[in-house]
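Q: What would the 3D arrangement of this be:
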Amino acid sequence: MKKIIFILIILTANNLILAEQNSKFFNEIKEILPAKEVFKITFLENNKNLEINWHIEEGYYLYLNSVGIEIDKNKGKYKIISANLYDHEDEFFGKTKIIRNKLKISINNLEISDNKDINIYYQGCSDKGFCYPVQNLKI
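A: A predicted model of the protein is given here:
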């Protein structure tokens, strides 16, 4: 009988500990902001060049390899003007480069007024371990 009571006490204690850990996990998930609030994008057209700027909130980052441009459904080329790049060891992607705080890129010889379909793709994560799906912004 003492063994059964001891086992019940252990099981109850384990359940309380797991419930507390789950509660902390779900509270952290609730603190994650929507992608559009974390990765704020602005753009500016200037003499057939399109500048795209990301302001990345503290505690979040973009994967350099996830940033892409499509122009009329074709892969577009861009030039990085400025970025805060860091080496990062990722459990899914291995050694990779991430961008924190800001990213500015330029697409040259382009006019938005030419009715081109321009799509910007990017993906990032929070330092808390939450990763966003690939984001797509149509200009």
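Q: Centre-most residue in the protein?
A: With distances taken as CA atoms, centre = their mean, the residue of the chain nearest its centroid is Gly124 (1.6 Å).
Q: Okay, strands next: where are they in the chain?
A: Along the chain, counting by DSSP state E, strands occupy 39-46, 49-56, 60-63, 68-71, 74-76, 79-90, 94-107, 118-122, 124-126, 135-138.
Q: Out of the ones you listed, which gets nearest to Ile10?
A: strand 124-126 (35.2 Å; CB to CB). The way it works is simple: take the backbone N, C-alpha and C, and place the C-beta from them, glycine included.
Q: Quick one: residues in contact with that closest one.
A: Strand 124-126 is contacted by residues 32, 35, 38-39, 56, 59-63, 66, 98, 131-132 when judged by CB atoms under 8 Å, 6 or more residues apart in numbering.
Q: Not counting its neighbours along the chain, what's nearest the residue nearest to the centre of the chain?
A: Spatial nearest neighbour of Gly124, excluding adjacent residues (CB to CB, 6 or more residues apart in numbering): Leu62 at 4.1 Å.
Q: Glu57 contacts Leu33, doesn't it?
A: Yes. Assessed by CB atoms under 8 Å, Glu57 is found in contact with Leu33 at 7.1 Å.
Q: what pLDDT does Leu110 get?
A: Looking at Leu110, its pLDDT stands at 71.
Q: In the sheet, which residues pair with Ile41? Tell me.
A: Beta-bridge partners for Ile41, by DSSP bridges, are Trp54.
Q: what's around it, how many residues?
A: 15 (other CB atoms under 10 Å).
Q: tell me the contacts of it?
A: Ile52, Asn53, Trp54, Ile120, Leu137.
Q: Redo those as CSV? Include distance to Asn109.
A: Listed next are the contacts of Ile41 as CSV, based on distance: CB to CB, whole Å:
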residue, distance to Asn109
Ile52, 15
Asn53, 19
Trp54, 22
Ile120, 17
Leu137, 21
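Q: Generate a ChimeraX selection restricted to the buried subset of those.
A: Applying 16 or more other CB atoms under 10 Å to the contacts of Ile41, the buried members can be selected in ChimeraX as follows:
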select :52,54,120
